[in-house]
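A.B. asks: pasting the structure only:
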């Protein structure tokens, strides 16, 4: 995805993101931040900064602008980095000026989101670097935190990865359980094609395969666009890619991490998908401090 596509992703889901912020505020603040209400004068003003405590990729400008532009409006926020920018330990990422009470009340939500998203972008960036010099691209999956999918996929794109399908509605994915329910890949795909035609849907069809017999079956079906090689070894991926010979898009998935991602890429696959981008990345260490 290009930067323009990333911007459109956020624009298309603005309502969803605002809803997330509002639910998070209700969860955290509820009827009021009693500690701040008790200890901080209503008219108190403060300056604060968000500081990077480790190296990584920043994602949070979009959050800061929304949080302080619409919800904590008595705080001005100046962000010194764009989403996707590298950051170094000790770097001041953004500065806050205004209501002390609002800065304190917003602190945890701000940190929870930007630490999580920056962690995803940083881990994605690390895996993308392992693919340098190969044509293979890194994809995310639907293995996201419920309610956070748009932001997590945005973070993946900021780390240099690419977004796969957003949900169950924008692409067909015929997985092993679908095949087993139908009895064969061929029958499952025929049923999919009938459904798409009856409902006037123009969606790409991807088929998950478990062995070379299933690869050959998926390859024989004209309306299949994309073949996933699930839990194949690098040698198995190479064999499948040779057999497919560019007739379909190829994707390797399952059991792929930093220890072997490059080996899979060198097998010639078009894409590698990894649920670890959103499931196993750790929150980046950032801190929000009020200046004395």
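C.D. replies: Received the coordinates, thanks. As the structure is a computational prediction, the values presented were derived from the model and not from experiment.
A.B. asks: what's the end-to-end length of stretch 163-183?
C.D. replies: 31 Å (CA to CA, to the nearest Å).
A.B. asks: list the buried residues for stretch 229-241?
C.D. replies: For stretch 229-241, burial by neighbour count (16 or more other CB atoms under 10 Å) applies to 229-230, 232, 234, 236-241. Heads up, the C-betas are built off the backbone N, CA and C, glycines and all.
A.B. asks: just how off-centre is that stretch within its chain?
C.D. replies: Counting by CA atoms, centre = their mean, to the nearest Å, stretch 229-241 is centred 25 Å from the centre of its parent chain.
A.B. asks: identify the residues contacting it?
C.D. replies: With contact meaning CB atoms under 8 Å, 6 or more residues apart in numbering, stretch 229-241 is reached by 176, 208-210, 212, 215, 227, 250-255, 260, 263-264, 266-269.
A.B. asks: now do stretch 158-169
C.D. replies: Contacts for stretch 158-169 (CB under 8 Å, 6+ apart): 1, 6, 9, 57, 59, 83-84, 117, 120-125, 127-128, 137-142, 149-150, 153, 156-157, 171, 173, 271, 273, 277.
A.B. asks: coming back round to it: helices - which of the buried residues of stretch 229-241 land there?
C.D. replies: Of the buried residues of stretch 229-241, the ones assigned to helices by DSSP state H are 234, 236-241.
A.B. asks: hmm, back to that, what's the most distant pair in the buried residues of stretch 229-241?
C.D. replies: For those, with distances taken as CB to CB, the pair at the greatest spread is 230 and 238 (15.5 Å).
A.B. asks: could you chop this structure up by domain?
C.D. replies: For the chain, automatic domain parsing gives the domain ranges 3-128+281-290, 129-279.
A.B. asks: now those domains as JSON lines including mean pLDDT?
C.D. replies: Formatted as JSON lines, these follow (pLDDT from 0 to 100):
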{"stretch": "domain 3-128+281-290", "mean pLDDT": "94"}
{"stretch": "domain 129-279", "mean pLDDT": "97"}
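A.B. asks: so which residues of the stretch 101-250 of the chain form helices?
C.D. replies: 149-158, 176-182, 185-198, 212-219, 234-244 (DSSP state H, counting those that start in this stretch).
A.B. asks: specify which member of the buried residues of stretch 229-241 is nearest to residue 15.
C.D. replies: Nearest member of the buried residues of stretch 229-241 to residue 15, counting by CB to CB, is residue 230, at 34.7 Å.
A.B. asks: do me a favour and get the end-to-end distance for stretch 25-36?
C.D. replies: End to end - CA to CA - stretch 25-36 spans 15 Å.
A.B. asks: what comes up buried for it?
C.D. replies: 25, 29, 33, 36.
A.B. asks: if we can go back for a sec, pull out the buried residues from the contacts of stretch 229-241.
C.D. replies: Neighbour-count burial (16+ other CB under 10 Å) applied to the contacts of stretch 229-241 gives 208-209, 215, 227, 250-253, 264, 267-269.
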